[in-house]
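*Asks:* The following comprises the amino acid sequence and a computationally predicted model.
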Amino acid sequence: MDVYDRAKQLGIQTEFVDGQGQRHVTDATALKIILDALPERNPTRLLDQPVVIRTGETTRTELGPAAALPVSWRVTAGDGVIGEGRADQRVIAWPADWKEGVYRLKLTDTASPTEEIPLVVSPPRAFAGEFDRGWLLAVQLYSIRSSRNWGIGDFTDLAALLELATQLGADGVGLNPLHALFDDKPADCSPYSPNSRLFLNPLYIDVERIAEFEAGSEVHKAAARLREGHIVDYIGVAELKWRALRAAFEKFKKQPAPGRKEDLDAFRAERAPLLSRFACFEVLRHKFGGAWWEWPPEWRAPDDARCTYLRGGDDAGEIEFVEFVQWTADRQLRDCRDLARRLGMKVGLYLDVAVGVQSGGFDAWNEQTAISRHLSVGAPPDPLNVAGQNWGLAGFNAAGLELQLFEPYREMLRASMRYAGAIRLDHVLGLKRLYLVPHGFAADNGAYVQMPFEALLAATAQESMAHRCIVIGEDLGTVPEGFRDTMAEWGIWSYQVMMFERDERGAFRGPDQYLPNALVTFNTHDLSTYAGWRSFGDLKIKRSLGIDPGESDDARWHALTMLDEVLRHHQIEGNDLYAIAAFLSKTRSRLMAISLEDLLGVIDQPNIPGTVDEHPNWRQRLPVAIADIAHEIDIEALSEATRERALARL
């Protein structure tokens, strides 16, 4: 069997038509690398995908044409049997009284060995929220200035942002990903290239809130220096914060404040065994250096017994320190979550979840079956990226997730949902298919690998309902036919960006053409700010960097004309940021996001895709401190623009 036949059997799409209408066939060598990087899985004969049962609904599953009747089935959870039966026809009608969960389904016919696939019993839909319409203040947390932070926005600033958002009439604060990065590479600051999506970035900790921290004059002087300037000095911030965190930990070890040791022990129990593994991984990473697959063989995969051994040796203190830091971050972010609830916010925190992880990080080490480190998630060529995209991130694979009953995916959701009233899944199209590129190959030489779409939606609905957390899918780009309809059927919200909501002649679509269950926004962190867009600032800076902006000045003038036209048509005066807010407020969409950069008239965008050092991505600080933001915003104009949504909350 050649690689193309083998790929077809495993649901890998070896050819596709890109966004420009060009047909691509994956190179045979690249395809072999993709196949070899995925867990071994024999094609199934009886059922070709996991079974999904939605509570309260009748579910029938048709057996494959190769099934030799009768087919016996058994559903198990651990060592217990949930149900069993026999199908004498080609359809199995499932019982309607099973509890929600993810189980193993074993099937046997008269002609083949037993096959095993997951069976998911889920709520009919994800959590829908309990409000009509509202809006969120979107913020890059690192960019916040304050008179007390250490040169980077922190969780105390986040609490102040929640208070500010309430003052402005917002229902929550939307944030860039808070995932853990690499502590020894502070300059690699992209929140979308994490070490782990399961843990938090310690640089957002307010060290001065730690009970055992004792500040000296030198620390305050250093922090004051870090607060200066337009750019976050990640190296300086990291050096100061890690030194302070270690000092606080040493004091904690000797003389913890009342109840603190018990709370840390409770946190360890809450997050076991992942917390212990993460702490061991971080210690091993610093000890051995290099990629984890080059470490001594006994440490190239997680082993809880070996982690226990490591904890009993000379590295015990370092392991405890990592746990102490994560505990501190968790408790400070949890305090923000609780504050949002006390303030009566309908959403509270809206957190972003990156599409993948760095292959050398914890998640890829911890979950080597479900995450393929040899492959990078990306996108095929399209009009905005004619060469395709390779994001350099490792993503989940279908076979590994099914073998693990989707637990790695669910754990990823829990890591954000435990704090959030809403999350956004970056590149949600990856739930249906992922475009994977082998390391060393160009981005246009990848292949689409099919994912267990319905089962992942069911798992999403389970966690969404359990945490009462809205799920928004970033569904921009080349979207398969019927994808958005299926997402909507499962209660996953869409993500609509006004910049892209235009017809063939470039006219902006009216408010009635936006979806009800959607988050609407003018732009994203990867696009121009509103002030930059109006001033052509984005076009100028891209050209200065040698990047084709994909748009001419004439096209931008046309877009500005079209914007004025749609605003006038809907009786909105002017064309400033408040006019945009008024327009988006008129949509049926239940959530709207307004970025703090836009409210403050910032011209430069937070991130320019395709650049690393050419532009200060993820480093720019806001022009004013948080205490002064309310004075820089026309609150009366903002209140008028969002009035319909404020009334909808009452």
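*Replies:* Looks like it arrived, so ask away. Keep in mind it's a predicted model, so treat the numbers as computed, not measured.
*Asks:* What ranges does the stretch 201-350 of the chain have for its helices?
*Replies:* Along the stretch 201-350 of the chain, counting by DSSP state H, counting those that start in this stretch, helices occupy 217-226, 234-254, 260-270, 274-288, 304-311, 316-342.
*Asks:* And the contacts of the fifth one?
*Replies:* What it means is helix 304-311. Residues outside helix 304-311 that contact it (Cβ atoms under 8 Å, 6 or more residues apart in numbering) are Pro273, Ser276, Arg277, Cys280, Val283, Leu284, Glu298, Trp299, Ala316, Ile319. (Each C-beta comes from the backbone N, C-alpha and C, glycine too.)
*Asks:* Just list the residues touching the first one, thanks.
*Replies:* Right, the one you point to is Pro273. Residues in contact with Pro273 (Cβ under 8 Å, 6+ apart) are Asp304, Cys307.
*Asks:* Phi, psi for it please.
*Replies:* For Pro273, the backbone dihedrals (degrees, to the nearest 10) come out as phi -90, psi 0.
*Asks:* For the stretch 351-500 of the chain, which segments are assigned as helices?
*Replies:* Going by DSSP H, counting those that start in this stretch, the stretch 351-500 of the chain shows helices at 362-366, 398-403, 407-417, 453-467, 483-489.
*Asks:* who's in contact with the third one?
*Replies:* The contact list for helix 407-417 (Cβ under 8 Å, 6+ apart) reads 102, 178, 197-199, 274, 351, 353, 363, 367, 370-371, 396, 400-401, 423, 456, 459-460, 462-464, 466-467, 469.
*Asks:* Just the buried ones from the residues you listed?
*Replies:* 102, 178, 197-199, 274, 351, 353, 363, 367, 370-371, 396, 400-401, 423, 456, 459-460, 462-464, 467, 469 (16 or more other Cβ atoms under 10 Å).
*Asks:* Flag every buried residue along stretch 547-557.
*Replies:* Neighbour counts over stretch 547-557 (16+ other Cβ under 10 Å) mark Ile547, Pro549, Arg556 as buried.
*Asks:* could you redo those as a markdown table and give each row pLDDT, secondary structure and distance to Gly537?
*Replies:* As requested, the buried residues of stretch 547-557 are exported to a markdown table (pLDDT from 0 to 100; DSSP: H, G, I helix; E, B strand; the rest coil; distance: Cβ to Cβ, whole Å):
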| residue | pLDDT | secondary structure | distance to Gly537 |
| --- | --- | --- | --- |
| Ile547 | 90 | coil | 14 |
| Pro549 | 91 | coil | 11 |
| Arg556 | 98 | helix | 11 |
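*Asks:* Which of those sits closest to Gln255?
*Replies:* Closest approach between the buried residues of stretch 547-557 and Gln255, by Cβ to Cβ: Ile547, at 54.8 Å.
*Asks:* I'd assumed Glu402 was in contact with Leu456.
*Replies:* No. Here Leu456 lies out of contact with Glu402, judged by Cβ atoms under 8 Å, at a distance of 10.2 Å.
*Asks:* Just give me the neighbour total for Glu318.
*Replies:* For Glu318, the neighbour count with other Cβ atoms under 10 Å is 18.
*Asks:* For it, give me the pLDDT.
*Replies:* You'll see Glu318 listed with a pLDDT of 98.
*Asks:* got it, and Ala180?
*Replies:* 98.
*Asks:* now Val612
*Replies:* 88.
*Asks:* and it, what helix or strand is that in?
*Replies:* Assigned by DSSP states H and E, Val612 falls within no helix or strand.
*Asks:* rewinding a little: with distance to Leu107 as extra columns, can I get the contacts of helix 304-311 in CSV?
*Replies:* Output for the contacts of helix 304-311, formatted as CSV (distance: Cβ to Cβ, whole Å):
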residue, distance to Leu107
Pro273, 31
Ser276, 37
Arg277, 34
Cys280, 39
Val283, 44
Leu284, 41
Glu298, 38
Trp299, 38
Ala316, 47
Ile319, 44
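*Asks:* Which among the residues you listed count as buried?
*Replies:* Counted by 16+ other Cβ under 10 Å, the contacts of helix 304-311 give Ser276, Arg277, Cys280, Val283, Leu284, Trp299, Ile319 as buried.
*Asks:* I'd like the residues you listed written out as TSV, with distance to Arg227 added.
*Replies:* Output for these, formatted as TSV (distance: Cβ to Cβ, whole Å):
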residue	distance to Arg227
Ser276	36
Arg277	36
Cys280	35
Val283	32
Leu284	35
Trp299	40
Ile319	33
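*Asks:* What is the nearest of those residues to Thr478?
*Replies:* Arg277 (36.5 Å).
*Asks:* and the gap between the closest residue to Pro202 other than its chain neighbours and Phe182?
*Replies:* Ranked by Cβ to Cβ, 6 or more residues apart in numbering and with sequence neighbours excluded, the top spatial neighbour of Pro202 is Val325, at 4.9 Å. Between Val325 and Phe182 the computed distance is 14 Å (Cβ to Cβ, to the nearest Å).
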